[in-house]
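Asks: Structure of the sequence below:
(2 chains)
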Amino acid sequence: MSPFFTLLRRDITLALREGGAIGTALGFYLIVIALLPLGLGPDLNLLSRIAPGLLWIALLLSALLSLGRMFETDFEDGSLELLAIGGMPLELVAAAKALAHWLTTGIPLALLAPVLGILLNLDIAAYGVLIATMLAGTPAISFIGAIGAALTLRARRGGLLLALLILPLYVPTLIYGISAISGALLATNAFWPSFLILSALSLGSLVLGPIAAAAALRIQMQ
Amino acid sequence: MMQKQSITQKLANPTRFMALSGTLLPWLAGIAVILIAYGLYRGWTAPPDYQQGETIRIMYIHVPSAWLGMMGYALIAVSSFGLLVFRHPLADVSAKAAAPIGAAFTMLALVTGSLWGKPMWGTYWVWDARLTSVLLLFFLYLGLIALRTSIEDESLASKLTAVLALVGVVILPFIKISVEGLSIPWLGLEIPAWNTLHQPSSVFRTDGPKIHASQLYPLLYSALGFTFLFFTLHMKGMRNEILRRRVKALRIAEVDRAREREAVAAAE
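Replies: Below is the predicted model of the structure:
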């Protein structure tokens, strides 16, 4: 098996066995969505109208929670340095870790979203679109997030800083994710253009994320 | 054989930079003051706009600020590139000095814009596409400043901030397009702006490209003056940063010498 997949499998196994990592993000997502009607009032029409936006924003915040740990534990116990001096380029190491984050956080969150949609009275027609846009958009969250995780590795208050650095960079993903859903609901044929741009953003981040994250890691391990 | 040095190579020597900037600084500051004063005077004495009335005068500060906010980020990106690729010693000083100045101008653009918005739109803040993208630019500035201040090792902080600035400059066009839309007729490309999907019906008129000469010339003078002000502040900031680093180096040397003296005294 190639080193890339070995590392990927190791990270996924760690995330699954460690517990907490996936569960915390899902629990956070659930609680944020459950709090929103308490703050906004139980008007089902209102909630149904703003549900896609709420689900997307809460998903971004939940995914942010676990981003900080992407390189942290490996950096602390020194395995990141071993990976850095190993045969695999650091870009691939970063890519494997970001991919593992997407598989263990992005996908579970995207799959939980429609369940939480019930709480917000989300239009039944939107369920399929919601999952589709989230599955297409969450890779960008993990791969752009990898840059933030790498940059804040040795910073004080890394977690808060990570949110400040990375959230503005998620704006295109958020906008096209929402606009694909509202396009599909309005039946104005606005789904495909937005969805394709969303996918393009994810594909672009697949390239940009590992390169920038590896550059940041290299600077810190000199 | 001596190779001919380019200007950027010559300026890599901080002492030479200090000498040159010391001579240039008063001139830059003087030109900035004169141009801004003249531009604002012309703006103040120009006839009020037939539609916007007296509030048009806010434009003479607002437009240059917005422009310099964007230019500041471009300057940081170029400096970051200079630091990471050419390891130019002044590039990092330039990037560090430009961040707060650019952030301040972006903030100024937002504040003056919202002061103009109150009488014009009836509210201080509208989620208009351009306002939103300037706000996001301001967040990117905050991120750069926050990252730099929260890493203790200075050279590490510089390089990581440079990486973030370059990532920002790659993603910034996408943020701008996603918020403001994009239209390239000859490619048949048409991406709608974000707020056209769920913007309430309050459609407001922004300034058309046609602007009367009595408003255009004061604006040009003011914009040029503010640009000089930006570079004056930037140069002053760079000089301060170089001096700060020298003081720090001297202090460390002083501590080292004291430690040596102690070691010698203890040995005797």
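Asks: for chain A, what spans make up the helices?
Replies: Along chain A, counting by DSSP state H, helices occupy A:3-18, A:21-40, A:44-67, A:69-76, A:79-85, A:90-101, A:107-119, A:127-151, A:158-166, A:171-186, A:191-220.
Asks: so of the ones you listed, which one's packed in deepest?
Replies: Among those, the stretch with the highest mean neighbour count (mean count of other Cβ atoms under 10 Å in any protein chain shown) is helix A:127-151, at a mean of 25. Any C-beta I mention is one placed from the backbone N, CA and C, and that applies to glycine too.
Asks: Also compute the angle for it relative to helix A:191-220, please.
Replies: Relative orientation of helix A:127-151 and helix A:191-220, computed by axes from the mean of the first three to the mean of the last three Cα atoms, to 10 degrees: 20 degrees.
Asks: does chain B sit close to helix A:127-151?
Replies: Yes. Judged by Cβ under 8 Å from any Cβ of the partner chain, helix A:127-151 and chain B are in contact via A:Ile144, A:Ile147, A:Leu151.
Asks: For B:Leu90, list the residues it contacts.
Replies: B:Leu90 makes contacts with B:Leu11, B:Ala12, B:Pro14, B:Phe17, B:Met238, as judged by Cβ atoms under 8 Å, 6 or more residues apart in numbering or on different chains.
Asks: which of those sit farthest apart?
Replies: Greatest spacing in the contacts of B:Leu90, by Cβ to Cβ: B:Ala12 and B:Met238 (13.1 Å).
Asks: the more surrounded of those two?
Replies: Using other Cβ atoms under 10 Å in any protein chain shown as the criterion, B:Ala12 and B:Met238 rank with B:Met238 on top: 21 against 17.
Asks: could you list every residue that touches that one?
Replies: Here B:Met238 is in contact with B:Phe17, B:Ser21, B:Leu90, B:Val93, B:Ser94, B:Ala97 (Cβ under 8 Å, 6+ apart).
Asks: okay, stretch A:208-218 in CSV with CA atoms only?
Replies: This file holds the C-alpha atoms of stretch A:208-218, laid out as CSV (Å, rounded to 0.1, in the frame of the first residue of the first chain):
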residue,chain,number,x,y,z
LEU,A,208,-4.1,25.2,-3.0
GLY,A,209,-4.7,23.7,0.5
PRO,A,210,-1.9,21.1,0.6
ILE,A,211,0.7,23.4,-1.1
ALA,A,212,0.1,26.3,1.3
ALA,A,213,-0.2,24.0,4.3
ALA,A,214,3.0,22.2,3.5
ALA,A,215,4.8,25.6,3.0
ALA,A,216,3.6,26.7,6.4
LEU,A,217,4.7,23.4,8.0
ARG,A,218,8.1,23.5,6.4
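Asks: List the single closest residue to the residue nearest in space to the middle of chain A in space, sequence neighbours excluded.
Replies: Centrality entry for chain A: nearest residue to the mean C-alpha point is A:Ile141, 3.6 Å, by Cα atoms, centre = their mean. In space, and not counting its chain neighbours, A:Ile141 is closest to A:Ala63: 4.9 Å by Cβ to Cβ, 6 or more residues apart in numbering or on different chains.
Asks: Wait, B:Ser158 touches B:Pro89, no?
Replies: No. Counting by Cβ atoms under 8 Å, B:Ser158 stays clear of B:Pro89, with 10.6 Å between them.
Asks: Between these two, which is the more surrounded one?
Replies: Taking neighbours as other Cβ under 10 Å, B:Ser158 and B:Pro89 compare with B:Ser158 leading, 20 against 15.
Asks: Give me the contact status of the strand or helix carrying the more buried one with chain A.
Replies: Under the criterion of DSSP states H and E, B:Ser158 resides in helix B:154-180. Yes. Helix B:154-180 comes into contact with chain A (Cβ under 8 Å from any Cβ), by way of B:156, B:159-160, B:163-164, B:166-168, B:170-171, B:174-175, B:177-179.
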